[in-house]
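S.K.: Predicted model, plus sequence, below.
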2 protein chains.
Amino acid sequence: MTMHLATRMQSLRASDIREILRITQRPSVISFAGGLPAAETFPVEELKAIAGAMLEAEGAQALQYSTTEGHPPLREWIAGRMRRQGAAVSADEILVTSGSQQGLDLVVKAFLEPGDEVLCESPTYLGFIQAAQVFEPRFVEVATDDEGMRIEALEERLAGCRRPRLIYVVPDFQNPSGRRWSVPRRQGLLEVACRHGLPVLEDAPYAEVRFAGEALPSLKALDTHGQVIQLGTFSKIFCPGLRLAWIAAPEELLHRFVILKQATDLHTATFSQMLLVAYLARYDIDDAIERIREVYRRRRDAMIAALEREMPAGVRFTRPDGGLFVWVELPEGVDARALLARCLEREVAFVPGDCFFPSGGHQNTLRLNFSNMPEERIAEGERITEGVARMAGALRTLLAEAREGCKPVPAP
Amino acid sequence: MTMHLATRMQSLRASDIREILRITQRPSVISFAGGLPAAETFPVEELKAIAGAMLEAEGAQALQYSTTEGHPPLREWIAGRMRRQGAAVSADEILVTSGSQQGLDLVVKAFLEPGDEVLCESPTYLGFIQAAQVFEPRFVEVATDDEGMRIEALEERLAGCRRPRLIYVVPDFQNPSGRRWSVPRRQGLLEVACRHGLPVLEDAPYAEVRFAGEALPSLKALDTHGQVIQLGTFSKIFCPGLRLAWIAAPEELLHRFVILKQATDLHTATFSQMLLVAYLARYDIDDAIERIREVYRRRRDAMIAALEREMPAGVRFTRPDGGLFVWVELPEGVDARALLARCLEREVAFVPGDCFFPSGGHQNTLRLNFSNMPEERIAEGERITEGVARMAGALRTLLAEAREGCKPVPAP
């Protein structure tokens, strides 16, 4: 039968990454494509130790419906930690969400209508593009450099907007670029947003996954006008499989997100929330975060060393001090999708960079993930080194063919 | 600061029920207001017995990101059970959702645009009204009687529609009415829907919570044209706190819901899904369902007996053979909200029926929940009896005052 779907369905497609990830499920493939945290860092033993006791003590509550806002002790804990990190937030300003993706969904749903303008970094996080697309806005990309969004570029783009409604940014170790914003850029963004009465959506999943340098103040901490909505998550500092994250926003605005969440999925899993609270009561999450940083620092080091050694001249890449990703720019004219096809033949994968630009283009860019090296026969460092070497080999072949004007040989 | 919110935010309010539930949190209040399952039936001991072993065997996977569609063994199990219940469904036609409320959200998001018409029973489920409202449709209520939606009324209402996009129904022990549709009405609905090329959203949370009579075929089982999208859930037959439910739909349509879910919350908690699969491997869920039926049957019996004994003439109510709710019609002209104010003084609560009509009206109706009697000093049956007696007392006072033309005395 023919059914009539809403217009919003026309622009939606399954993510490219999804399709690439399907291929990379073969264990022989070295994948830099996903964005999975390292499973070796997950608190399996800790949760084993406490799950039974939590059910024993509070099972009837943990398995029951609960409030949309979230489990009160968890909201308290999150607000307390944010305060210690410099943001003046109370538990009433925290909404527990089913992962940060839900935070994105609730915020764009509250602000965006078809044709409204949403501003973002160029490149930006793919999950944000997907969440926002459902509400049919016009994406306005703002140029970024190693210090973050360029403030004069933001002003210029804003001048061309008719109905700007929201600015979305990932100031700490951004996905996909790995870049971190300088403090002056953070202040500059807030000043512009404030002047234009524009809400700022700060997505901060990687702020605590920092291997070098000092913590910088979040936009939420710098905000003195109630302008910033911050998304935080336990996915990168605890584990993603319980789907626990949060929105921090001024109370009046938070109440709107609560109403939307009630209509969206009633509440986040009570069991997940109470298990996390039991974990936080017994263990020091900062110890766990330190262990995660160690693992990721080692993998980042292996990847940067391999890129420096293996990649031909003309390839540029970021050297992130945190997060999960390295951003690579190939020489002008080289298509990352052509390189990907060659790399898949050699059983190594990554994500082409054009996915991260709402308006497309930038075909010579790509994203590499270094956090999730499956535990295989060869050690993680060697596996990263081997993967980068294969990529570099594929790239050299591609460059040589281009010089000789050869047509690429199709895969067998 | 002033922020510009999307138009859809204007019509959204926190549910009335939410506000009433806040009052009923005092343990002295006898509450027929909520819709919570009986916590005494939750599988606390069973989950305690298996949680550690599941983490031991599959912890790294249970705490990791997983696919949007859902954990494959769980999709298989659901499809198998649906097939045994008469619906020809494969695992590829199942999407695991974070509760049925998310199923509602995904389906209305796929079909409804502002001004589109969505048809539903009168009364209908409040959670559906909330989910749909976000997408600003026009609700078209279709008259129902004890056999379900009246088919000729459906035809009439459809004739007046310009852009009908979806029909939403709860054929088994509906929330709020407790009614179950007859088979001829089920067939009649499918025939009309098919003729008009209209998708049918069948919400079936209570189909298995049946204390009397035989199972009737679901709309999904009767559907021969790929017209029916069915929502199922573990909330009423297992527990709600893990947030586990599903959408069953033809594969092409399901793929659209998968894309929307990816943008909405990536995937349902891996841990919850794997814990349920471990439970299903070790225990017989049909035994658990039988125990739930026993408890609810007892409570339904207590409530019906009390209503028959206590209520003054002119009060009508349903006698449900399943589900969690009894629907009450007060004598014409009696306002259930006035009765509620009096009942709250006497520490007994319910939900006024007008919440369940998208176009309002029906002020003389109310919904009683009998599944969730908190474990208190007095036994559950006595507590139900006591609550109904207090309600009847309040109603008699209200009726007497109306006869005497008295103004109600304000609460102290």
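M.R.: That came in fine, so what should we check first?
S.K.: just the strands in the stretch 301-412 of chain A please.
M.R.: A:316-317, A:325-329, A:348-349, A:351-352, A:365-369 (DSSP state E, counting those that start in this stretch).
S.K.: hmm, the second one touching chain B?
M.R.: To tie it back to what came earlier, the one meant is strand A:325-329. No: shown here: strand A:325-329 not in contact with chain B (Cβ under 8 Å from any Cβ of the partner chain), separated by at least 15.3 Å. Where you see a C-beta, it was placed from the backbone N, CA and C, and this is true even at glycine.
S.K.: and that strand, which strands flank it?
M.R.: When sheet partners are counted by DSSP bridges, strand A:325-329 sits next to strand A:316-317 (antiparallel), strand A:365-369 (antiparallel).
S.K.: how about low-confidence regions in the stretch 251-400 of chain A?
M.R.: Applying pLDDT under 70 to the stretch 251-400 of chain A flags the ranges A:374-380.
S.K.: residues from it in reach of chain B?
M.R.: A:253, A:255-256, A:258-260, A:262-272.
S.K.: which ones among those residues are found in helices?
M.R.: If you go by DSSP state H, these have A:253, A:255-256, A:258-260, A:262-265, A:270-272 in helices.
S.K.: quick check: domain ranges of chain A?
M.R.: A:14-42+A:287-402, A:44-282 (automatic domain parsing).
S.K.: and these as CSV, adding mean neighbour count?
M.R.: Output for the domains of chain A, formatted as CSV (neighbours: other Cβ atoms under 10 Å in any protein chain shown):
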stretch, mean neighbour count
domain A:14-42+A:287-402, 18
domain A:44-282, 21
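S.K.: how about these, which one is nearest B:Q174?
M.R.: Judged by Cβ to Cβ, the one of these that comes nearest to B:Q174 is domain A:44-282, at 18.5 Å.
S.K.: Now do that closest one: distance to the chain's middle.
M.R.: Centroid separation for domain A:44-282 versus its chain: 11 Å, with Cα atoms, centre = their mean, to the nearest Å.
S.K.: Between its first and last residues, how far does that domain reach?
M.R.: End-to-end distance for domain A:44-282: 14 Å, by Cα to Cα, to the nearest Å.
S.K.: do stretch A:201-217 as well
M.R.: Note: stretch A:201-217 ends 15 Å apart using Cα to Cα.
S.K.: same thing with stretch A:131-140?
M.R.: 15 Å.
S.K.: I'd like to know how far the residue positioned nearest the centre of chain A sits from A:E252.
M.R.: Central residue of chain A (Cα atoms, centre = their mean): A:N175, 4.8 Å from the mean position. From A:N175 over to A:E252 the distance is 30 Å, taken as Cβ to Cβ, to the nearest Å.
S.K.: What residues does the stretch 51-200 of chain A have near chain B?
M.R.: So the stretch 51-200 of chain A meets chain B at A:51-52, A:55-56, A:59-66, A:97-99, A:101-102, A:105, A:109-113, A:116, A:127, A:130-131, A:133-135, A:163, A:165, A:194, A:197-199 (Cβ under 8 Å from any Cβ).
S.K.: Can I take it that A:E113 is in a helix?
M.R.: No: using DSSP: H, G, I helix; E, B strand; the rest coil, the assignment for A:E113 is coil, not a helix.
S.K.: which residue packs closest to it, ignoring adjacent ones?
M.R.: B:A6 (4.8 Å; Cβ to Cβ, 6 or more residues apart in numbering or on different chains).
S.K.: could you give the mean pLDDT of stretch A:218-230?
M.R.: The predicted model gives stretch A:218-230 an average pLDDT of 97.
S.K.: Thought A:E310 was touching A:A389, still the case?
M.R.: Yes: with contact defined as Cβ atoms under 8 Å, A:A389 counts as touching A:E310 (5.2 Å).
S.K.: got any residues that touch both of these two?
M.R.: Common neighbours of A:A389 and A:E310, using Cβ atoms under 8 Å, 6 or more residues apart in numbering or on different chains, do not exist here.
S.K.: In the stretch 151-300 of chain A, mark out all the helices, start to finish.
M.R.: A:151-159, A:183-196, A:219-222, A:251-265, A:270-282, A:285-310 (DSSP state H, counting those that start in this stretch).
S.K.: Point out the other helices and strands that the longest one packs with.
M.R.: Meaning helix A:285-310. strand A:325-329, helix A:380-404 (3 or more Cβ pairs under 8 Å, 6 or more residues apart in numbering or on different chains; DSSP states H and E).
S.K.: Could you measure from A:A336 over to A:L126?
M.R.: 15 Å.
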